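Undergrad: Give me a 3D structure for the following:
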Amino acid sequence: MNIGKTIPENFIAQSELYQNKSALMHKQNGVYVSITYRELRLLVKSCANGFINECRLVNGDTVALSSENRPEWVIADMGIMHAGGIVVPIHTNLAPRLFAHILNDSKARIIIISSQEMFAKLLQIIKEVPHLEYIVTIFECGGNCRRTDLCGKTILRFADVCATNKLELQDTLVETEPGPDSIATIVYTSGTTGLPKGVPLTHKNICSDVLGTNARIPVLQGDVFLSFLPLSHVLERTAGYYMPILQGATIAYAESYKDLLKNVKEVRPTVIIAIPRFYEKIYDKIWQNVKKKSFLGQKLFYFTLRATSRTFGYRIMKKILTAGITRNFGGRLRILVSGGAPLDARIAGFLDKIGLVVYEGYGLTETAPIISVNYSENNSYGTVGKKLENCEIILAADKEILVRGPMVFSGYWGSVSDNRSPIDSDGWFHTGDLGFIDDRGYMSIIGRKKEVAVSTLGNKIWPEHIEKNLNIHPAISQSIIIAHNRKYVTALIVPHWHYIAEIVSGRSRLAEKSKDLARDTAVVAYFKNIIDGINRDMSSHEKIYNFYLLENEFTTDNEELTPTQKLCRSVIEHRYHREIEDMYRVN
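TA: As a prediction, the model looks like this:
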């Protein structure tokens with residue numbers, strides 16, 4: 001890895017070292033098949049030449065890419081950068097208006113899409129994106145898609161573009177001008193409070209982050225990554241794509257989230273990168289299975305959890321009771337990484353006890369993204385680890401985290417960038433996150449600076465801290481805390497309705513619909529007991545004084561969640577304004 005080179009240049013160097021090694025794995029006719037590093041190199045160069053010749057791609061052009069995780073994502077990304085283009089990933093589940101905003105803000109001339117659904121979404125906003133000239137389809141485009149009069153754009157098949165200049169007889173570099181300080185990609189932030197902002201990241205930004213992270217958690221050439229977080233998410237892109245591919249490891253793509261456990265058993269990965277929600281679901285599933293065990297089986301499991309790891313009894317019981325759990329994950333897991341949001345320390349500690357060690361890290365899109373991470377020598381639950389060696393971190397007087405280093409971007413892109421730079425005169429990027437660093441150098445995150453709620457009594461409340469305590473309960477799927485400019489704290493709670501249905505199933509009347517269960521007096525009383533238990537560990541100004549059960553989950557389709565599953569607080573509070581006001585009418 002050389003940060004004086006571009007991402008494609010580093011990839012070409014690795015592909016020459018590991019020519020016959022599997023680079024990518026994907027399902028084809030129900031079986032995982034491999035693409036070697038040599039094959040991938042040829043595909044990348046063919047893609048670069050194809051876009052130059054077929055789409056008139058020139059150095060500095062922006063190309064939008066909206067697709068689920070698949071080999072074509074990597075081929076397109078690496079090929080476009082190789083040709084001097086700038087890749088603009090777009091989450092596949094974005095609302096059409098946000099889709100149009102990103103296309104216009106980035107001034108993308110070309111878009112690559114992977115499905116009929118994406119094409120239909122594009123048609124909805126096609127008249128709003130005048131800069132767009134080419135639509136390149138990864139999927140097999142039918143007769144209607146081929147008609148340019150539908151949208152007035154040139155429509156091409158990705159396979160045809162890449163095949164136009166397929167390099168079967170020669171293996172030469174495409175001559176391009178970009179260097180390490182050229183923009184490689186513009187990644188649009190989730191936009192929890194407004195329109196997404198474009199974050200331009202250079203080749204040097206990303207390569208520096210890969211280098212710094214790899215020094216903390218080294219990727220081995222024998223590693224197999226299972227990829228399922230969206231590649232449009234910068235965490236997956238850097239840690240789940242660039243890190244393995246620039247170190248000679250292998251990436252296997254999950255078919256879908258619902259097929260994940262099946263794919264884990266097939267691929268037997270050594271590395272999984274996920275957000276806390278993934279680990280929360282593992283935690284809930286394991287406890288559901290424990291409850292189904294015999295009385296003796298449950299007692300043995302509890303003994304294993306309570307035992308000291310140094311005792312002989314613990315080692316024996318752990319091997320017996322957790323062998324099935326680790327076997328379900330393929331039996332080769334070496335690294336589990338959590339990022340994107342805080343992971344509850346209790347969940348991390350529990351998973352460690354049963355042989356699934358999770359390393360939590362921290363970063364932002366603006367830092368490419370990783371700036372701190374735990375590691376095997378000393379994994380500290382509840383923290384996001386120590387800073388990478390190639391960056392600096394300090395805390396401002398108000399506890400805001402400031403970072404400086406080669407992975408930090410230089411400023412926002414496009415129309416949404418405000419006049420005030422997030423980088424001060426000394427080069428410190430103001431993250432907007434609040435935290436503290438202990439005497440060992442481990443950092444913990446308190447919450448977002450903008451999301452600190454201040455009650456009418458002047459008390460500061462961090463909603464994320466309370467929501468984390470709520471969401472760890474198996475009966476709670478999602479929650480949002482309401483407290484800003486209010487006299488006390490309340491919560492909107494989305495229960496796990498299937499879990500609640502099991503609890504009330506023994507009664508003479510079983511309400512089958514969530515609408516009925518949400519107003520059921522026994523169910524409300526059940527959640528009041530949960531809230532009371534959580535309140536016992538809270539300061540007086542943090543205690544939840546009222547709550548409301550919601551029938552439906554927060555979703556990205558309704559713009560209540562960002563594509564990275566963060567709460568869009570203003571949208572939710574507006575949508576449930578009446579329910580919130582009702583909670584404050586109650587004395």
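Undergrad: got any ranges where the chain has weak pLDDT?
TA: Scanning the chain for pLDDT under 70 picks out 142-150, 164-177, 191-194, 308-315, 317-318, 320-322, 415-420, 504-514, 586-587.
Undergrad: for it, what's the longest strand?
TA: Longest among the strand segments of the chain by residue count, using DSSP state E, is strand 429-437.
Undergrad: Packing partners of the helix or strand following that one?
TA: Proceeding N to C from strand 429-437, the next assigned helix or strand is strand 443-448, under DSSP states H and E. If contacts are counted by 3 or more CB pairs under 8 Å, 6 or more residues apart in numbering; DSSP states H and E, strand 443-448 sits against strand 429-437, helix 463-471. From N, CA and C alone the C-beta is placed, and that goes for glycine too.
Undergrad: and the first one, what other elements does it pack with?
TA: Contacting strand 429-437 under the criterion 3+ CB pairs under 8 Å, 6+ apart are the following elements: strand 392-395, strand 400-404, strand 443-448.
Undergrad: nearest to His131, of the helices and strands packed on strand 443-448?
TA: Smallest distance to His131 across these (CB to CB): 29.6 Å, for strand 429-437.
Undergrad: Other residues contacting the closest one?
TA: Under the contact criterion CB atoms under 8 Å, 6 or more residues apart in numbering, strand 429-437 has outside partners 362, 364, 366-367, 393, 395-396, 398-404, 408-409, 422-424, 443-450, 452, 462.
Undergrad: mind checking how far the closest residue to Ile394 other than its chain neighbours is from Ser208?
TA: Excluding the flanking residues, the one nearest Ile394 by CB to CB, 6 or more residues apart in numbering is Leu402, at 5.2 Å. Separation of Leu402 from Ser208 (CB to CB, to the nearest Å): 18 Å.
Undergrad: Looking at those two, which is more packed in?
TA: The residue with more neighbours, out of Leu402 and Ser208, is Ser208; 23 against 18, by other CB atoms under 10 Å.
Undergrad: wait, is that one part of a helix?
TA: Yes - assigned with DSSP: H, G, I helix; E, B strand; the rest coil, Ser208 falls within a helix.
Undergrad: mind listing what it touches?
TA: 3, 368, 390, 405-407.
Undergrad: from these, which single one is nearest Lys107?
TA: The shortest approach to Lys107 among those belongs to Ala368, at 22.3 Å (CB to CB).
Undergrad: doesn't Ala239 make contact with the closest one?
TA: No - counting by CB atoms under 8 Å, Ala368 does not reach Ala239; the two are 10.3 Å apart.
Undergrad: one step back: can you state the direction angle for the longest strand of the chain and strand 443-448?
TA: 120 degrees (axes from the mean of the first three to the mean of the last three CA atoms, to 10 degrees).
Undergrad: Please enumerate the helices of the stretch 101-250 of the chain.
TA: Taking DSSP state H, counting those that start in this stretch to define them, one finds helices in the stretch 101-250 of the chain at 116-124, 143-146, 158-164, 203-216, 234-237, 243-245.
Undergrad: would a markdown table of these with distance to Pro342 be doable?
TA: As requested, the helices of the stretch 101-250 of the chain are arranged in a markdown table below (distance: least, CB to CB, whole Å):
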| stretch | distance to Pro342 |
| --- | --- |
| helix 116-124 | 32 |
| helix 143-146 | 43 |
| helix 158-164 | 38 |
| helix 203-216 | 19 |
| helix 234-237 | 14 |
| helix 243-245 | 22 |
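Undergrad: between these, which gets nearest to Val58?
TA: That would be helix 158-164 among the helices of the stretch 101-250 of the chain, by CB to CB, at 15.6 Å.
Undergrad: so what does the closest one touch, helix or strand wise?
TA: helix 37-54, helix 71-82, strand 134-137.
Undergrad: Please repeat the previous calculation with a cut-off of 7 Å.
TA: In terms of contacts (3 or more CB pairs under 7 Å, 6 or more residues apart in numbering; DSSP states H and E), helix 158-164 is packed against helix 37-54, strand 134-137.
Undergrad: Can you name the element that comes right after the longest one?
TA: Scanning the chain past helix 37-54 towards its C-terminal end, the next helix or strand to appear is strand 62-66 (assignment: DSSP H and E).
Undergrad: Give the pairing partners of that following strand; include direction for each.
TA: Strand pairing for strand 62-66, using DSSP bridges, gives strand 86-89 (parallel), strand 110-113 (parallel).
Undergrad: of all the contacts of Ser208, which comes closest to Leu549?
TA: Set against Leu549, the nearest of the contacts of Ser208 by CB to CB is Ala368 (40.0 Å).
Undergrad: Tell me how far that closest one lies from Gly414.
TA: Ala368 is 19 Å from Gly414, by CB to CB.
Undergrad: Looking at the two, which is more packed in?
TA: Neighbour comparison, Ala368 and Gly414: the larger count goes to Ala368, with 32 against 18 (by other CB under 10 Å).
Undergrad: got the contact list for the closest residue to Pro180 other than its chain neighbours?
TA: Once flanking residues are discounted, Pro180 sits nearest to Lys204: 4.2 Å by CB to CB, 6+ apart. Lys204 sits next to 3, 180-181, 406 when contact means CB atoms under 7 Å, 6 or more residues apart in numbering.
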